[in-house]
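**Q** got a sequence here, can you build the structure:
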Amino acid sequence: MTTVGFVDAISKLAKVDLFDRDPKTRQVKTGLFVGRPFYLDYDKISLLVADAWKNRAGGLPQGTFLLAYYENEDQVAEAILLRVLRPTPLPTDRDVISSMVEYYKDDLKTTGKESQLDQYTRYEFSFSGLECRVLGTFYREKGSKPRFGADLENFYSSHNYSVIKPNPTVLEYIVNFREGTDLAGKATDIQIGRVRYSSSRRFQLQEKEVPVYVSPEDFLGKRTALFGMTRTGKSNTVKKIIQATVGMSEKAKGDLEEAKEGNPKDALPFDEAGFPRYAVGQIIFDINGEYANPNLQDAGTAIYELFKDDVLRYSTIDKPGFKVMKINFYHDVEAGFELVRSHLENEAGDYVASFRSVDFSQPEDKTDRSAMTRYDRKVAAYVCCLYRAGFPVPKGFKVKFAGNERLNELVQEGGGIDPSKGITLEQATDWFKVIWDEYESNEFFPKYRKEKGHEWADEDLQAILKFLTRKRKAGGAADASGYLKLRDLKGLHTETVDKPFSEEILAQLRSGKIVIVDLSQGVPEIQRLYSERICRQIFADAMARFVENRPNNFVEFYFEEAHNLFPKKDDKDLSQIYNRLAKEGAKLNLGLIYATQEVSSISANILKNTQNWFIAHLNNEEETKEIKKYYDFGDFTEGLVRFSASSDRGFVRMKTYSNPFVVPVQIDRFPVNVEE
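**A** Numbering: from 1, shown residues only. Presented below is the predicted three-dimensional model:
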């Protein structure tokens with residue numbers, strides 16, 4: 001994806017005049033005449049076209065952009081933008097068809113140089129009708145640049161209009177038009193592909209290619225969807241976006257670390273030239289490993305290979321060149337418990353729900369002895385659960401918390417156990433088991449409740465003790481799975497004491513690096529846990545910066561095979577991190593780019609908040625019904641099913657945030673120096 005040169009782009013498109021006419025004949029000079037309307041309303045227009053006009057214009061494929069000019073008043077500069085949809089009947093079709101049938105019955109030659117049709121009949125047979133969608137109106141106010149409105153303010157009798165197919169220069173202006181008065185072609189714009197109307201390209205290959213640009217402002221901090229069957233070019237498009245973002249990030253001149261809190265200028269996401277103010281962080285959740293690893297399929301186009309100096313790779317397993325994403329559950333209690341909470345998210349049972357809701361954040365007032373005592377007990381009981389679940393214990397690891405002389409004596413082991421002096425996890429486990437067994441029967445606990453006005457074991461500690469002892473009721477039988485539910489997480493634990501990987505990743509993203517999380521060798525449960533943990537960490541940091549009035553740089557999230565991680569279509573839980581990224585990420589400068597085969601596999605909450613759409617080949621009508629709900633994709637649903645996934649690779653229908661209508665685009669091959 002190439003960045004447009006400042007002088008070239010601005011001078012080229014700024015000079016285009018949509019309403020250029022011959023001063024003598026008053027004929028428009030923006031394209032070739034193709035037809036006359038015979039019906040017009042606010043949504044559709046029907047044209048009379050002739051074979052000769054279509055041939056001279058290089059054909060009229062489905063999806064072609066046309067301009068219908070109002071010609072009744074010379075001083076009015078107005079053109080209706082149309083999209084070709086399908087043939088439509090002419091009032092004279094019945095007579096023409098009858099004549100054709102008679103010629104066929106008489107076995108007369110109707111084509112070629114030896115045609116037996118008379119000149120009048122051949123002329124009549126050459127006309128047909130064409131139905132077009134009204135996309136909006138280009139118009140010019142006095143002394144202003146052209147404007148575009150996505151509707152018709154008014155229309156007159158159809159005979160007042162003539163229709164042209166735009167020439168390449170004017171078409172480039174149309175497909176790159178931005179809402180408002182801002183034209184495409186700024187120094188920040190990026191070429192992503194060129195206009196392509198149809199799978200068949202006999203005429204199109206003979207014409208000048210028309211480039212299509214996108215604005216970084218459309219993608220940075222926005223939601224972008226890529227849909228299409230496997231091998232239709234989704235990954236290629238994602239890589240183009242990554243490449244473009246790298247180019248924009250390199251031009252960022254601000255320093256996030258030096259940005260001043262509360263300074264309005266430092267809080268602006270873009271500088272005066274339209275470039276991002278701070279380097280853009282990008283994180284790729286790589287389900288298939290194609291971004292993190294060299295592969296034959298993509299001929300050396302792995303993101304890691306092309307941007308080695310800016311890429312850090314993380315994996316769920318130990319392998320050369322990758323940092324391992326593991327947590328020391330004993331030392332990093334909060335981070336580890338986030339993974340535990342995610343792991344238990346779909347587990348039923350009140351005691352599990354209570355365990356999930358335990359709060360391991362440290363008391364703000366460290367001098368509050370009562371709060372610190374309760375916190376230390378919770379942590380000690382929790383790490384005992386890990387110990388019982390089989391998590392390897394770091395060498396020399398002990399727990400220390402305030403017990404009670406009476407309670408210590410309940411645990412008989414050489415005169416009792418005193419946890420305030422530091423005890424092993426085995427001893428601590430015995431201590432807590434005895435406490436829970438005695439909690440309803442020993443007189444100490446009701447006396448404590450009466451004197452202090454609250455339980456010795458608060459709700460959080462009781463929830464943990466139920467998990468540790470596997471007893472839902474104090475002193476009862478072991479009737480629950482408890483800590484056994486944690487055994488599947490042992491593979492995420494490391495005995496080393498490093499900085500949590502999620503914090504390390506966050507720091508890299510804030511400095512503008514590309515982070516690739518290789519999930520290709522993880523089971524679906526592990527993929528989900530890691531991605532959610534990382535996303536929550538970044539989201540929480542961005543929200544904290546927002547609340548504290550500290551600047552945020554842009555961070556772009558990329559999800560390949562998003563259906564493996566995102567909530568499903570009918571999932572209405574808005575608290576899920578992916579829903580929050582979709583709904584709240586924009587104000588936090590968090591962008592979301594996701595790719596998958598099926599529109600119907602993604603939560604409606606995410607789809608409704610998506611601004612940029614790239615739609616490739618879809619293979620069934622159920623999917624087209626979903627896509628039809630958004631923007632003007634309904635005009636393309638038949639073609640999306642019909643086209644070939646192999647020969648039409650990279651052929652998409654694109655709708656970006658600032659472009660008011662869908663544009664059919666052939667995405668450029670990634671990287672730019674690879675031949676198609």
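**Q** alpha carbons only for contacts and neighbour counts from here, please
**A** Fine.
**Q** what about the strands in the stretch 401-550 of the chain?
**A** 514-518 (DSSP state E, counting those that start in this stretch).
**Q** where does it have low pLDDT?
**A** Along the stretch 401-550 of the chain, segments meeting pLDDT under 70 span 412-416, 497, 522.
**Q** swap the cut-off to 80 and go again
**A** By pLDDT under 80, the weakly predicted segments of the stretch 401-550 of the chain are 404-406, 409-417, 496-499, 521-526.
**Q** swap in the stretch 201-350 of the chain?
**A** By pLDDT under 80, the low-scoring segments of the stretch 201-350 of the chain are 203-206, 216, 230-232, 260-262, 293-302.
**Q** likewise the stretch 1-150 of the chain?
**A** Applying pLDDT under 80 to the stretch 1-150 of the chain flags the ranges 1-15, 22-26, 74-75, 99-100, 102-124, 141-145.
**Q** and with 50 instead?
**A** Across the stretch 1-150 of the chain, the ranges flagged by pLDDT under 50 are 1, 4-7, 10.
**Q** where do the strands sit along it?
**A** 2-3, 31-40, 44-50, 65-70, 78-88, 127-140, 146-149.
**Q** which among those strands is found nearest to residue 615?
**A** strand 78-88 (17.6 Å; C-alpha to C-alpha).
**Q** got the angle for the closest one vs strand 65-70?
**A** Per axes from the mean of the first three to the mean of the last three C-alpha atoms, to 10 degrees, the angle that strand 78-88 makes with strand 65-70 is 120 degrees.
**Q** what sits against the residue nearest to residue 302 when sequence neighbours are not counted?
**A** Residue nearest to residue 302 in three dimensions, not counting chain neighbours: residue 291, with 4.7 Å by C-alpha to C-alpha, 6 or more residues apart in numbering. Residue 291 makes contacts with 284, 302-304, 516, as judged by C-alpha atoms under 8 Å, 6 or more residues apart in numbering.
**Q** how would you label residue 291: helix, strand or coil?
**A** Using DSSP: H, G, I helix; E, B strand; the rest coil, the structure places residue 291 in coil.
**Q** equivalent analysis for residue 384, please.
**A** helix.
**Q** quick one: residues contacting it.
**A** Residue 384 touches 425-426, 428-429, 468, counting by C-alpha under 8 Å, 6+ apart.
**Q** buried ones among these?
**A** 425, 428-429, 468 (16 or more other C-alpha atoms under 10 Å).
**Q** for the residues you listed, which one is nearest residue 29?
**A** Distances from residue 29 to the buried ones among the contacts of residue 384, taken by C-alpha to C-alpha, are shortest for residue 468, at 81.4 Å.
**Q** neighbours around the residue nearest to the closest one when sequence neighbours are not counted, how many?
**A** Distances taken as C-alpha to C-alpha, 6+ apart place residue 385 nearest to residue 468, at 5.1 Å, with adjacent residues excluded. Neighbours of residue 385 under the rule other C-alpha atoms under 10 Å: 24.
**Q** in the longest helix anywhere in the chain, what counts as buried?
**A** Longest helix in the chain, counting residues (DSSP state H): helix 524-547. For helix 524-547, the neighbour count (16+ other C-alpha under 10 Å) marks 526-539, 541-543, 546 as buried.
**Q** which elements pack onto it?
**A** helix 333-343, helix 501-510, helix 577-584 (3 or more C-alpha pairs under 8 Å, 6 or more residues apart in numbering; DSSP states H and E).
**Q** what packs against the second one?
**A** Taking 3+ C-alpha pairs under 8 Å, 6+ apart as the contact definition, the neighbouring helices and strands of helix 501-510 are strand 281-286, strand 514-518, helix 524-547.
**Q** counting neighbours, which bits of it end up buried?
**A** Quick answer for helix 501-510 (16+ other C-alpha under 10 Å): 501-502, 505-506, 508-510.
**Q** how far is it from where the chain is centred?
**A** On the basis of C-alpha atoms, centre = their mean, to the nearest Å, the separation between the geometric centre of helix 501-510 and that of its chain is 20 Å.
**Q** kindly export that helix (C-alpha atoms) in CSV.
**A** The C-alpha coordinates for helix 501-510 follow below in CSV (Å, rounded to 0.1, in the frame of the first residue of the first chain):
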residue,chain,number,x,y,z
PHE,A,501,3.3,-10.6,29.7
SER,A,502,0.2,-8.4,29.4
GLU,A,503,1.9,-5.5,31.0
GLU,A,504,5.0,-6.0,28.8
ILE,A,505,2.8,-6.1,25.7
LEU,A,506,1.0,-2.9,26.7
ALA,A,507,4.3,-1.1,27.1
GLN,A,508,5.4,-2.1,23.6
LEU,A,509,2.1,-0.9,22.1
ARG,A,510,2.4,2.4,23.8
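**Q** before we move on, the earlier item: can you redo the helices and strands packed on helix 524-547 as CSV with distance to residue 446?
**A** Shown next, in CSV, are those (distance: least, C-alpha to C-alpha, whole Å):
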stretch, distance to residue 446
helix 333-343, 31
helix 501-510, 43
helix 577-584, 42
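**Q** do you know which of the ones you listed lies nearest residue 635?
**A** Across those, closest to residue 635 is helix 577-584 (C-alpha to C-alpha), at 26.2 Å.
**Q** ok, the next helix or strand after that closest one: who's next to it in the sheet?
**A** Of the helices and strands lying after helix 577-584 in sequence (DSSP states H and E), the nearest is strand 590-596. Applying DSSP bridges to the sheet, strand 590-596 is found paired with strand 223-227 (parallel), strand 555-559 (parallel).
**Q** who are the packing partners of the very next helix or strand once past strand 590-596?
**A** Using DSSP H and E, the helix or strand that directly follows strand 590-596 along the chain is helix 604-607. Judged by 3+ C-alpha pairs under 8 Å, 6+ apart, helix 604-607 is in contact with helix 577-584.
**Q** next, the angle helix 524-547 makes with the helix it packs on.
**A** Relative orientation of helix 577-584 and helix 524-547, computed by the same axes, to 10 degrees: 30 degrees.
**Q** of all residues in the chain, which one is nearest the centre?
**A** Centroid-nearest residue in the chain: residue 593, 2.5 Å away (criterion: C-alpha atoms, centre = their mean).
**Q** residues in contact with that residue?
**A** Residues near residue 593 by C-alpha under 8 Å, 6+ apart: 223-226, 238, 556-559.
**Q** ok, those residues vs residue 104, which is closest?
**A** Within these, proximity to residue 104 (C-alpha to C-alpha) peaks at residue 226, which comes in at 48.6 Å.
**Q** okay, and the beta partners of that closest one?
**A** Residue 226 has these beta-bridge partners by DSSP bridges: residue 595, residue 614.
**Q** would you check that it makes contact with residue 610?
**A** No - if you go by C-alpha atoms under 8 Å, residue 226 and residue 610 don't touch, sitting 10.5 Å apart.
**Q** just want to know which of these two has more residues nearby.
**A** residue 226 (25 against 21).
**Q** how far away is that one from residue 547?
**A** 32 Å (C-alpha to C-alpha, to the nearest Å).
**Q** again with residue 411
**A** Taking C-alpha to C-alpha, one finds residue 411 at 48 Å from residue 547.
**Q** next one: residue 280
**A** 21 Å.
**Q** out of the helices and strands packed on helix 524-547, flag the one nearest residue 217.
**A** Relative to residue 217, the nearest member of the helices and strands packed on helix 524-547 by C-alpha to C-alpha is helix 577-584, separated by 16.6 Å.
**Q** what is the closest one packed up against?
**A** Packed against helix 577-584 by the contact rule (3+ C-alpha pairs under 8 Å, 6+ apart) you find helix 524-547, strand 590-596, helix 604-607.
**Q** tell me the mean pLDDT for it?
**A** When pLDDT is averaged over helix 577-584, the result is 92.
**Q** residues making contact with it?
**A** For helix 577-584, the external contacting residues (C-alpha under 8 Å, 6+ apart) are 223, 532, 535-536, 539, 566-567, 573-574, 590-592, 605-606, 609-610.
**Q** closest to residue 265 among those residues?
**A** Nearest member of the contacts of helix 577-584 to residue 265, counting by C-alpha to C-alpha, is residue 590, at 19.1 Å.
**Q** I'd guessed the closest one sits against residue 558; true?
**A** No - contact criterion C-alpha under 8 Å: residue 590 and residue 558 do not qualify, at 10.9 Å.
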